[in-house]
Every structure is written in C-alpha cells, then in structure tokens.
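**Student:** Based on what follows, work out the 3D shape:
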Amino acid sequence: MKTGDLLKSLLDIADINQKTFAENMITSQSMVSKIINGKTLINPNEELAFSKRAARILAQATYEYNCYFKFVDVFPVILDFTSQDELERFLLNALRFTIDQDRMADDNYPRVNDSTRHYSQMQQVLHMYCIICSDYLRSGDNTEIMLYSSLPLICDSDAEAFDRIRVTIPKRSRDITLYQLADPEIYEISSGIYRGNVLDKLFRLETVTDFYLRHTQLQEHNYFFLLKDKFIILINKQLDGTHLLTFITNKSELNNLSEHVKNIAFNAAHMSYSRENIQNFLNNPDNFHHSINSKIRALLQLAQEGPAISESKELLDQFLNSVLQEESSLFISADALKSFLFTDQILKNLFDTDDLSLSDRIIGLKNLKDYMHRNKPVRIYVTSTPGSNMTILCQDGLSLVCLINPYSQDMKFHMVDSNLIRQDLMKKLLFETATNATDYIDDLVNQAGSDYLQFR
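**Tutor:** Below you'll find the model as predicted:
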C-alpha cells in the first residue's frame, strides 16, 4: 500500500477531513492532498516528525475498546490494541513502513541496501508482522498464497504475545495455504508456561487458511514466516531477552532461505491431511499410532456406507463402538449436527452424496440418540465449538480433530497431542459450552420434523 492510500483510509476511519488534518499537522491542505494523491513523497528529514504527529492525531480520533475492527479493511492482520498509546505506535510503524516502501520504489531516491530491515522489541515485532502481512494480503496479485511458518501460533512460551493477533479476512479472494511447523518437545515444555485454547486456535487458523500442521525439530525462540516468492520474516530472541524481527525481500537471500524452509517442511512429520490424502497417513510404514488409525478407518468406513445409516442401526453402532474404544471420548459440534440435518455440507464432504432425504437424516439422529440411551453413561458430547467439526479425544498419544474447512469445503483431519487439548475439551468446552446431547438432538429432530411436515 502506498502512503497516500493508507493516509486516506485512516482519515476516513477517523472521520477527519483533509482541511482539519492539515491544520492539526501544521501544514497546508494542498500538501496533504499531494501526499494522498501520490504527487509528492515525504522528505526523509521530515518522515519521523510527520509520522509521529499523524499517528497521534489518528489514534486520538479512533481509539476505543475493540477498535481494531475499524481497521480490518486496511489491516486484515491486526492486533487487539491494549491502549491508545499502542494504537498510536502501530500507526506510526505503519506510516513509516509505507513511506519507506514508496521511497524504495521511486527512481529519484538513491538505491541502498534496503531489501533487509530490522525491528526490535516484542511490541514492534508484532506490529511489523501485522503490517507486512496486511500489505501483501491486500495486494492486487490474485495468485495463490503459500505460507510456511514456525511462529508460536499453537503452543509455545511466546504464544501469549501472538495470541493477540486477529486475522479478519471477510472473504478470501484467493487460496491461502499455511504449513505450520511445530516441535512437539517444545510444546511439551512450554505448555506448562502458556498454552491458551489449542482447539480454538486450530479452528481459527482453518477459518482463514487451508491449514496443515507438521512436526519437526526446531530451535526454541527462533521463528520464521515465509510468503513464497515474496518475503521471509525471521524472529529471534536476543541474549538480553528482547526479540528481533528481520524482514528480507532480497531475491538471492530469499531464494536460499526458501529452499531451506521448504526442505524442513518436506521432511517434517505430516499431522494434517485432506480427505483426498488421508490414506497416505494410514499407509505410512512409520505410522505406529494404532489407536488413532483404527478411528480414522472407522470414520472412512462410515463415510463409505453412511447413506445407509437410516436403514441400519448396526452401522452407526459399529462406528461409535470403534471410536469410543480405549476410553476415548467423542465431541461433536452443534453446528455439525445442524449442518447434517438442514444443509448438504456434511453429506457432500463426509458421505460423498447429497441424496439423503430429511426423513432419513432424522432417523440417523434418532439412532444416535438411541445408542446414547443404550450405552449410558456414554462419552459423547455436543459442544458449541465453531464450524462443523468432530473431535475424538484419546487417552494417550494422538487425538483426531476432523472438520470442514469453511472456504474450500474440504474435509480435514488433524492429529493433535491429546495432552494439548484434553484440558480444553474436558474443562472449558464441557463445562462452559457443552449442552445435554440427547436434549439437543431431540430439539433438532423436532425442528426438522416440523420442516418435513410443512414441505411434504
């Protein structure tokens, strides 16, 4: 984004006209107009003073609780600001970044080694990550976005800081694929320090990207974030405990680092699969996760024979018995049950058909309720987790999170360490957002029955 475009957008958000802004900036309206229209660049000697004053004026006019929503069209990757002062610092960094970008693109300014830049301290690191990502996400380029990341987005001692980041892309105009690399040993060590809600993070990442988790050995407090063919961000913890962000766009250096990152991702253990390639996980000779394998096979078997669930209680019983073996628990989102009854999303993505009548779907849910009554107490729960998803929580090793990506509509399978999500499910979800499963199914069946009678 150019400085003029950014300034115009910020003035619109702040509801400040150019005349008032110029008066507050102690400059002429014509100068502000020239900057906005891209007819002049801000002098390097005036850049800092201009940016500081503009950021202060704009932050004062726009800050309020949860004000980041005002900026999502400009910064689709943004922070939940803690104060007016932080918003002011963020806008200062954004203005200086765009001024710098304009200067680099202008032939009238001398060329310098400007393809690598550094930013220090965690607050500025977070700000620049948001500003840089937003700038590239808003570009007019409609090609697919391929991301490789080892940022602490799931669980890490630095995850608390990154949990403040909000990604707000209302409509994805192009495909965004994210390969997230993580070290299970670092997860195990840091989960006692800070973890957050791992499942919620997983659901949020699938909302804005086609997300794939991969496990490999990494260096603690050393992270990378690569946007293929565009830039790489390196974040390192210094000896004094501060963080340093290095932003690299130089083609030669970028290509070398990209190859290194891609090799790491290629050789990492794949923990996420689409419906199309889940057999690769099951057929992997190095796969010794027998418990989760049997549950995936049971789900695939249900998918293959699923349209018959209204005709055979035994089919559903067989699936649930397999899933609940070895003291495992099944968590189904309320959205998934509603989708099964009232839309064709689950049918198309799990059962590969939409040829299942509403009456047959009602029978399928009644069979589920009947199974729960016959097997009391049963470890099947309905939870208000976002989207259509199902989680099979195992006692040890890996658990399975199965969901439908809201954009691609693909069925996704994520293998997650049971210890990372057990507390989220058994405490937060079960006691805060769970509902009585049989009562909920009764309510859905009654609603669906009314619809069935109305449209017969």
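**Student:** pLDDT averaged over the strand or helix carrying Leu234, what's the number?
**Tutor:** Taking DSSP states H and E as the criterion, Leu234 maps to strand 231-237. Averaged across strand 231-237, pLDDT comes to 94.
**Student:** And the very next helix or strand once past it, what does it pack against?
**Tutor:** Scanning forward in sequence from strand 231-237 by DSSP H and E, the next helix or strand is strand 243-248. When contacts are defined as 3 or more C-beta pairs under 8 Å, 6 or more residues apart in numbering; DSSP states H and E, strand 243-248 packs onto strand 116-120, helix 122-137, strand 231-237. From N, CA and C alone the C-beta is placed, and that goes for glycine too.
**Student:** List the buried residues of strand 243-248.
**Tutor:** The neighbour-count check on strand 243-248 (16 or more other C-beta atoms under 10 Å) flags His243, Leu245, Phe247, Ile248 as buried.
**Student:** so how far is the very next helix or strand once past it off the chain centroid?
**Tutor:** Using DSSP H and E, the helix or strand that follows strand 243-248 towards the C-terminus is helix 251-267. Remark: helix 251-267 is offset 23 Å from the chain centroid, using C-alpha atoms, centre = their mean, to the nearest Å.
**Student:** Whatever helix or strand comes next after helix 251-267 pairs with which strands, parallel or anti?
**Tutor:** Once helix 251-267 ends, the next helix or strand along the chain (criterion: DSSP H and E) is strand 269-270. Next to strand 269-270 in the sheet, as set by DSSP bridges, lie strand 210-215 (antiparallel).
**Student:** What about the residue lying closest to Arg379 once chain neighbours are set aside, how many residues nearby?
**Tutor:** Excluding its sequence neighbours, the residue lying closest to Arg379 (C-beta to C-beta, 6 or more residues apart in numbering) is Ser329, at 3.9 Å. Burial of Ser329 is recorded as 20 neighbouring residues (other C-beta atoms under 10 Å).
**Student:** that older thread, ranking the helices and strands packed on strand 243-248 by mean pLDDT, which is last?
**Tutor:** Among the helices and strands packed on strand 243-248, strand 116-120 scores lowest, with a mean of 89.
**Student:** Model confidence for Pro109, exactly?
**Tutor:** Small correction: residue 109 is Tyr, not Pro. In this model, Tyr109 is scored at 67, pLDDT.
**Student:** if we can go back for a sec, ramachandran angles for the residue nearest to Arg379?
**Tutor:** phi -130, psi 150 (degrees, to the nearest 10).
**Student:** State the distance from it to Val323.
**Tutor:** Distance of Ser329 to Val323, given as C-beta to C-beta, to the nearest Å: 9 Å.
**Student:** One more: Met390?
**Tutor:** To Val323, Met390 is 9 Å away according to C-beta to C-beta.
**Student:** now do Ala59
**Tutor:** In terms of C-beta to C-beta, Ala59 sits 52 Å off from Val323.
**Student:** quick one on the thing from earlier: which neighbours do Ser329 and Val323 share?
**Tutor:** Residues touching both Ser329 and Val323 by C-beta atoms under 8 Å, 6 or more residues apart in numbering: Ile392.
**Student:** residues contacting Ile13?
**Tutor:** By C-beta under 8 Å, 6+ apart, Ile13 lies in contact with Leu58, Thr62, Lys70, Phe71, Val74.
**Student:** residues near the closest residue to the fourth one other than its chain neighbours, how many?
**Tutor:** Yep, that's Phe71 we're talking about. Spatially, and ignoring its direct neighbours in sequence, Phe71 is nearest to Ile78 (5.7 Å; C-beta to C-beta, 6+ apart). Ile78 has 23 neighbouring residues, counting by other C-beta under 10 Å.
**Student:** In the sheet, which residues pair with Ile78? Tell me.
**Tutor:** Per DSSP bridges, the residues bridged to Ile78 are Arg166.
**Student:** circling back: got any residues that touch both of Met390 and Val323?
**Tutor:** Common neighbours of Met390 and Val323 are listed as Leu330 (criterion: C-beta under 8 Å, 6+ apart).
**Student:** how near is the residue nearest to Phe71 to Met1?
**Tutor:** Shown here: Ile78 relative to Met1, a distance of 14 Å by C-beta to C-beta.
**Student:** What distance do you get for the residue nearest to Arg379 to Tyr381?
**Tutor:** 7 Å.
**Student:** one step back: next, the contact list for the residue nearest to Arg379, please.
**Tutor:** Arg379, Ile380, Tyr381, Ile392, Leu393, Leu425.
**Student:** rerun that using 10 Å as the cut-off
**Tutor:** 323, 378-381, 391-395, 399, 422, 425-426, 430 (C-beta atoms under 10 Å, 6 or more residues apart in numbering).
**Student:** what do you get for Asn66?
**Tutor:** Asp80, Phe81, Arg166.
**Student:** next one: phi and psi at the first one?
**Tutor:** Dihedral pair for Asp80: phi -90, psi 100, per degrees, to the nearest 10.
**Student:** hang on, it packs against Ile165?
**Tutor:** Yes - using C-beta atoms under 10 Å, Asp80 makes contact with Ile165 at a distance of 8.1 Å.
**Student:** which residues are in contact with both of the two?
**Tutor:** Common contact partners of Asp80 and Ile165 (C-beta under 10 Å, 6+ apart): Tyr68.
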